[in-house]
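Trainee: turn this into a structure:
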Amino acid sequence: MLTKVFGSAVFGIDATTVTCEVNVDTGVGYHLVGLPDSAIKESNYRIAAALLNNGYRIPGKKITLNLAPADLRKEGSAYDLTLALGILTASGQIKSHNLEKYIIMGELSLDGSLHPITGALPIAIKAREEGFEGFILPNENAREAAIVSGLKVYGVKNISEVIAFFDKGKPLEQTVIDTRKEFYKKLEFPEFDFSDVKGQESTKRCMEIAAAGGHNIILIGPPGAGKTMLAKRLPSILPPMTLHEALETTKIHSVVGKTKDMGLMSQRPFRSPHHTISSAALVGGGSYPRPGEISLAHNGVLFLDELPEFERRVLEVMRQPIEDREVTIARTRFTVTYPSSFMLVASMNPSPSGYFNDPDAPITSTPAEMQRYLGKISGPLLDRIDIHIEVTPVPFEKLSEDRKGESSVAIRKRVTAAREIQAKRFYEHDQVHYNAQMGSKQIRSFCKLDGPSKELLKNAMDRLNLSARAYDRILKVARTIADLENTDTIKSNQVAEAIQYRSLDRDSWLG
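Mentor: Coordinates of the predicted model:
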């Protein structure tokens, strides 16, 4: 007897429906075909034990299982439940006439209980697109899949519940979530707040500009100056995620299994990988590609602490994704593309010792040592960072003050107002939503300078020997400063402020 049960395979961040065809015939043997990986090939042992411990068995006949389309690589243990239901139906142990209405996924334990799967959200989205009535999956993934409206989602704990549903008509409890209500209920501010930061007014101003325009920023300063503290608080002043951004971000995290019991993500991600990270872990890859840290930081912040300590080869692979806001991973037989629109925040010491060329510092470094240390970071990568800012130690008087600084709530209001101006400006541009995403065409249209501003920028270009990319970055930052001040035109003082945020382009910054 032939039975068809439907599962799904995640490819990139999208799902493809997989038809599990099970045929039970006379003879002996268990044949699993359709490009399964090792985890799927081992499923017969898990299925056999799970069925036996729940009063069923794998029949002693010839069983052929095909995962179609047969030319698409299948991986993972999430097909256990799909194959088990197919075997029971094809062998006549249970009767079901509506298997074709459901996507069924789950990893089986030997006692028949279910372990969570990855990629529940993209699978649910695909199931709704293709007109399936429901999605049966492990209980831990139910909230995530229930984000998708128009699809019945049933979270189950054991295979016996699924068998009773199909064979005896025993109803399953549907997981229902009001996506919008859940999303807006969770729109609260993170734990970290800018009011905790003492002093550092100029640096906080830079962080506000970076957040308002989505600009990449690098913080340079000695140990203990507050670089990491500032970076961790950046998400608290970014505008709240839209529902579309939240769905897109949750989808990526779902693929790597980081959304168990979470439902819809409402906070912008903050990723801070260690400097020993590999290229594949940072940008994505592997034999069966998975999203890397730059994709997990999509719509959020990627913080690279101690930037020169990262391998140069690892940093260089980020250059194209920073520009394109997506990363394409090519293999011999396929290519996948992951979104990677993130804000890069980097921090570094100015020298191996960690201190400026300061005679009062506990350890000093010569200008030559400092320059050699900075040379670990390539010019093209620095060109892609819009704002360079020096972070100096906070004096005792500031540290001992009882007065709190400006809160993230107040800063976020100004940032959100500036982003709303940019949203209106780029309304007709599908791929541009804020100033940092502007291409050369938008820069020419929206970053026009008057005579004095143009002369000021020309002198800066000549004296600092800036590249064409740095020229574009200055104009983008100046446009953001103008948006924060709610001015239509870019003024010379705004250009001057943007120029001073190119510290690493100045030969004299070391003193």
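Trainee: any regions of the stretch 251-400 of the chain where pLDDT drops low?
Mentor: 261, 356-365 (pLDDT under 70).
Trainee: what ranges do the helices span in it?
Mentor: For the stretch 251-400 of the chain, the helices defined by DSSP state H, counting those that start in this stretch cover 279-283, 293-296, 312-316, 319-324, 367-374, 379-383, 396-399.
Trainee: quick one: contacts of the last one?
Mentor: Going back to what we said before, that points to helix 396-399. 198-199 (C-beta atoms under 8 Å, 6 or more residues apart in numbering). Where you see a C-beta, it was placed from the backbone N, CA and C, and this is true even at glycine.
Trainee: mind redoing it with 10 Å?
Mentor: Under the contact criterion C-beta atoms under 10 Å, 6 or more residues apart in numbering, helix 396-399 has outside partners 197-201, 393, 405.
Trainee: quick one on the thing from earlier: quick one: the helices of the stretch 251-400 of the chain as JSON lines, columns for mean neighbour count too.
Mentor: Shown next, in JSON lines, are the helices of the stretch 251-400 of the chain (neighbours: other C-beta atoms under 10 Å):
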{"stretch": "helix 279-283", "mean neighbour count": "19"}
{"stretch": "helix 293-296", "mean neighbour count": "25"}
{"stretch": "helix 312-316", "mean neighbour count": "15"}
{"stretch": "helix 319-324", "mean neighbour count": "16"}
{"stretch": "helix 367-374", "mean neighbour count": "15"}
{"stretch": "helix 379-383", "mean neighbour count": "16"}
{"stretch": "helix 396-399", "mean neighbour count": "10"}
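Trainee: looking at these, which is closest to residue 129?
Mentor: helix 293-296 (22.3 Å; C-beta to C-beta).
Trainee: other SSEs contacting the closest one?
Mentor: helix 243-255, strand 270-271, helix 279-283, strand 284-285, strand 301-304, helix 319-324, strand 326-330, strand 335-339 (3 or more C-beta pairs under 10 Å, 6 or more residues apart in numbering; DSSP states H and E).
Trainee: show me what the last one packs onto, helices and strands only.
Mentor: Judged by 3+ C-beta pairs under 10 Å, 6+ apart, strand 335-339 is in contact with helix 243-255, strand 284-285, strand 290-291, helix 293-296, helix 319-324, strand 326-330.
Trainee: adding distance to residue 112, write these out as a markdown table.
Mentor: Converted to a markdown table, these look like this (distance: least, C-beta to C-beta, whole Å):
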| stretch | distance to residue 112 |
| --- | --- |
| helix 243-255 | 25 |
| strand 284-285 | 35 |
| strand 290-291 | 29 |
| helix 293-296 | 33 |
| helix 319-324 | 43 |
| strand 326-330 | 37 |
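Trainee: closest one to residue 352 among these?
Mentor: helix 319-324 (24.8 Å).
Trainee: what are the buried residues along stretch 38-54?
Mentor: Residues of stretch 38-54 classed as buried: 39-40, 43-44, 46-51, 54 (neighbour count, 16 or more other C-beta atoms under 10 Å).
Trainee: likewise for stretch 29-38?
Mentor: 32, 34, 36.
Trainee: alpha carbons only: can I get stretch 386-403 in CSV?
Mentor: C-alpha atoms of stretch 386-403 as CSV (Å, rounded to 0.1, in the frame of the first residue of the first chain):
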residue,chain,number,x,y,z
ASP,A,386,31.1,55.8,8.5
ILE,A,387,32.0,57.1,11.9
HIS,A,388,35.3,56.9,13.7
ILE,A,389,35.3,58.3,17.3
GLU,A,390,38.0,58.5,20.0
VAL,A,391,36.7,57.5,23.5
THR,A,392,38.7,59.0,26.3
PRO,A,393,38.7,57.9,30.0
VAL,A,394,36.0,59.4,32.2
PRO,A,395,37.5,61.7,34.9
PHE,A,396,36.8,61.0,38.6
GLU,A,397,34.5,64.0,38.9
LYS,A,398,32.2,62.6,36.3
LEU,A,399,32.2,59.1,37.6
SER,A,400,31.4,60.2,41.1
GLU,A,401,28.4,62.3,40.1
ASP,A,402,25.0,61.2,41.3
ARG,A,403,23.2,62.8,38.4
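Trainee: and it, how far out from the chain middle?
Mentor: 31 Å (C-alpha atoms, centre = their mean, to the nearest Å).
Trainee: for residue 264, give me phi and psi.
Mentor: When quoted as degrees, to the nearest 10, the phi and psi of residue 264 stand at phi -80, psi 130.
Trainee: number of nearby residues for it?
Mentor: Using other C-beta atoms under 10 Å, residue 264 has 22 neighbouring residues.
Trainee: swap in residue 326?
Mentor: There are 15 residues near residue 326, going by other C-beta under 10 Å.
Trainee: cool, and residue 404?
Mentor: 12.
Trainee: secondary structure class for it?
Mentor: coil (DSSP: H, G, I helix; E, B strand; the rest coil).
Trainee: list the contacts of the closest residue to it other than its chain neighbours.
Mentor: Of all residues not flanking residue 404 in the chain, residue 195 sits nearest, at 4.4 Å (C-beta to C-beta, 6 or more residues apart in numbering). By C-beta under 10 Å, 6+ apart, the contact list for residue 195 reads 233, 236, 403-411.
Trainee: try it again at 7 Å.
Mentor: 404-407 (C-beta atoms under 7 Å, 6 or more residues apart in numbering).
Trainee: and residue 335, how far from residue 74?
Mentor: Between residue 335 and residue 74 the computed distance is 18 Å (C-beta to C-beta, to the nearest Å).
Trainee: what's the answer for residue 98, then?
Mentor: Counting by C-beta to C-beta, the gap from residue 98 to residue 74 is 24 Å.
Trainee: same question, residue 406
Mentor: 53 Å.
Trainee: settle it for me: which of the two has more neighbours?
Mentor: residue 74 (23 against 16).
Trainee: how many neighbours does the closest residue to residue 343 other than its chain neighbours have?
Mentor: Nearest-residue entry for residue 343: residue 301, 5.0 Å, with adjacent residues in sequence omitted and distances by C-beta to C-beta, 6+ apart. Residue 301 has 22 neighbours, counted by other C-beta under 10 Å.
Trainee: which residues touch residue 301?
Mentor: 234-235, 268, 270, 342-343, 345.
Trainee: now flag whichever of those residues is closest to residue 103.
Mentor: residue 268 (30.2 Å).
Trainee: do you know how far the closest one is from residue 212?
Mentor: 15 Å.
Trainee: between the two, which one's more packed in?
Mentor: Neighbour tally, residue 268 and residue 212, criterion other C-beta under 10 Å: the higher count belongs to residue 212, 28 against 23.
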